[in-house]
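Undergrad: for reference, the sequence and a predicted model appear below.
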Amino acid sequence: MRSLWLVVITGAGALSCCAQQPGQDLQMRIVLEQQTGSAFRVVSPQHVFKTGDMIRFRVRSSSDGFLYVSDRAASGKYSELFPAEGADNRLEHGKDYRIPAASRSWFRIEKPAGYETIFFTFNSSPLLRRNEAAPTTIYVKPPPQAPPAELIPRCDDALFRARGECLDANAGPSAVPAGTLAGSDALTPRDVSIVQGPDVSVVTPATPGDSPIIYEFRIAHR
């Protein structure tokens with residue numbers, strides 16, 4: 001894995017209910033899974049991973065549309081994760097999708113320690129590319145100063161006691177502020193509302209409109 005690779009899709013049993021039809025309020029449900037031997041377990045979006053851990057996402061949308069996923073590694077490098085070259089990125093409502101999409105594929109957590117930031121962009125129609133050779137990568141403009149080297153995930157005592165595992169309150173999904181995006185012809189995201197549970201996160205648009213839904217998902221690792 002080039003650093004860390006992740007993906008989205010709603011989680012197993014948590015998504016088995018609640019399938020919506022087109023025209024109903026849009027919901028995007030996200031579950032994070034970790035490989036455990038030949039099986040897997042659903043983990044908190046705030047889970048702090050270790051180098052070598054294998055993870056994947058499951059995502060489900062209540063409306064048809066197109067998904068784009070890009071990554072900003074802890075090293076600062078940007079990569080486009082989804083769709084794969086030449087692959088279809090259309091999502092059908094009520095259907096689970098796994099990222100990485102290939103069967104039995106996982107993302108491996110790599111050094112350096114820090115936060116992987118995964119940007120998810122969902123739109124009802126394909127996003128325009130500047131040219132056919134350029135990816136529709138969504139990313140955040142670099143800050144004026146580099147983040148401090150000591151910005152390393154730490155266990156939150158209160159969360160740790162509640163779940164019995166190392167959790168970081170800064171990890172998981174969050175909104176992307178308008179004006180900070182670059183890399184696409186459609187850079188004005190809709191406001192979103194995010195409900196983060198212990199196992200599943202739900203992203204919904206807070207306002208009506210046709211603009212893309214863009215949000216980030218931070219993966220903590222040390």
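TA: That came through fine.

Undergrad: list the contacts of the nearest residue to residue 193 once chain neighbours are set aside.
TA: Spatial nearest neighbour of residue 193, excluding adjacent residues (Cβ to Cβ, 6 or more residues apart in numbering): residue 206 at 4.6 Å. Every residue, glycine included, has its C-beta placed from N, CA and C. Contact analysis of residue 206 by Cβ atoms under 8 Å, 6 or more residues apart in numbering lists 190-193.

Undergrad: I'd assumed residue 160 was in a helix, is it?
TA: Yes - Residue 160: assigned to a helix according to DSSP: H, G, I helix; E, B strand; the rest coil.

Undergrad: show me what counts as buried in stretch 188-207.
TA: For stretch 188-207, burial by neighbour count (16 or more other Cβ atoms under 10 Å) applies to 189-190, 192, 194, 196, 199-205.

Undergrad: in the protein, which segments are predicted with low confidence?
TA: Low-confidence segments of the chain, defined by pLDDT under 70, are located at 1-24, 128-150, 177-187.

Undergrad: what segments of it are helices?
TA: Residue ranges of the helices in the chain, as given by DSSP state H, are 157-163.

Undergrad: and the buried residues of stretch 188-207 as a markdown table, adding distance to residue 212?
TA: A markdown table is the format used below for the buried residues of stretch 188-207 (distance: Cβ to Cβ, whole Å):
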| residue | distance to residue 212 |
| --- | --- |
| 189 | 6 |
| 190 | 7 |
| 192 | 10 |
| 194 | 16 |
| 196 | 21 |
| 199 | 26 |
| 200 | 22 |
| 201 | 18 |
| 202 | 18 |
| 203 | 12 |
| 204 | 14 |
| 205 | 10 |
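
Undergrad: re the thing from before, restricted to strands, list the contacts of residue 206.
TA: Residues of the contacts of residue 206 located in strands (DSSP state E): 192-193.

Undergrad: taking the contacts of residue 206, tell me the two that lie furthest apart.
TA: Across those, the longest distance by Cβ to Cβ is 10.3 Å; it joins 190 and 193.

Undergrad: shared neighbours of the two, anything?
TA: When contacts are counted by Cβ under 8 Å, 6+ apart, residue 190 and residue 193 have 205-206 as shared neighbours.

Undergrad: which residues touch residue 163?
TA: 44, 198.

Undergrad: same question but for residue 123, I mixed them up
TA: Here residue 123 is in contact with 65-66, 68, 186, 212-213 (Cβ under 8 Å, 6+ apart).

Undergrad: can you pick out the most distant pair from those?
TA: The distance between the two most remote of the contacts of residue 123 (Cβ to Cβ) is 12.9 Å, for 65 and 186.

Undergrad: those two: who's more crowded?
TA: Higher neighbour count among residue 65 and residue 186: residue 65, with 22 against 17, using other Cβ atoms under 10 Å.

Undergrad: tell me the bridge partners for the more buried one.
TA: Counting by DSSP bridges, residue 65 is bridged to residue 91.

Undergrad: CA atoms of stretch 66-83 as CSV?
TA: Output in CSV follows, covering the C-alpha atoms of stretch 66-83 (Å, rounded to 0.1, in the frame of the first residue of the first chain):
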residue,chain,number,x,y,z
PHE,A,66,-21.0,8.3,-8.7
LEU,A,67,-18.3,8.0,-6.1
TYR,A,68,-14.7,9.3,-6.2
VAL,A,69,-12.2,8.6,-3.4
SER,A,70,-8.8,10.1,-3.0
ASP,A,71,-6.2,9.9,-0.3
ARG,A,72,-3.8,12.3,1.4
ALA,A,73,-1.2,10.1,3.2
ALA,A,74,0.5,11.0,6.5
SER,A,75,3.5,11.8,4.3
GLY,A,76,1.5,14.5,2.5
LYS,A,77,1.3,12.5,-0.8
TYR,A,78,-2.0,12.5,-2.8
SER,A,79,-3.4,9.5,-4.7
GLU,A,80,-6.6,8.6,-6.4
LEU,A,81,-8.1,5.4,-4.9
PHE,A,82,-11.5,5.0,-6.5
PRO,A,83,-12.5,4.3,-9.2
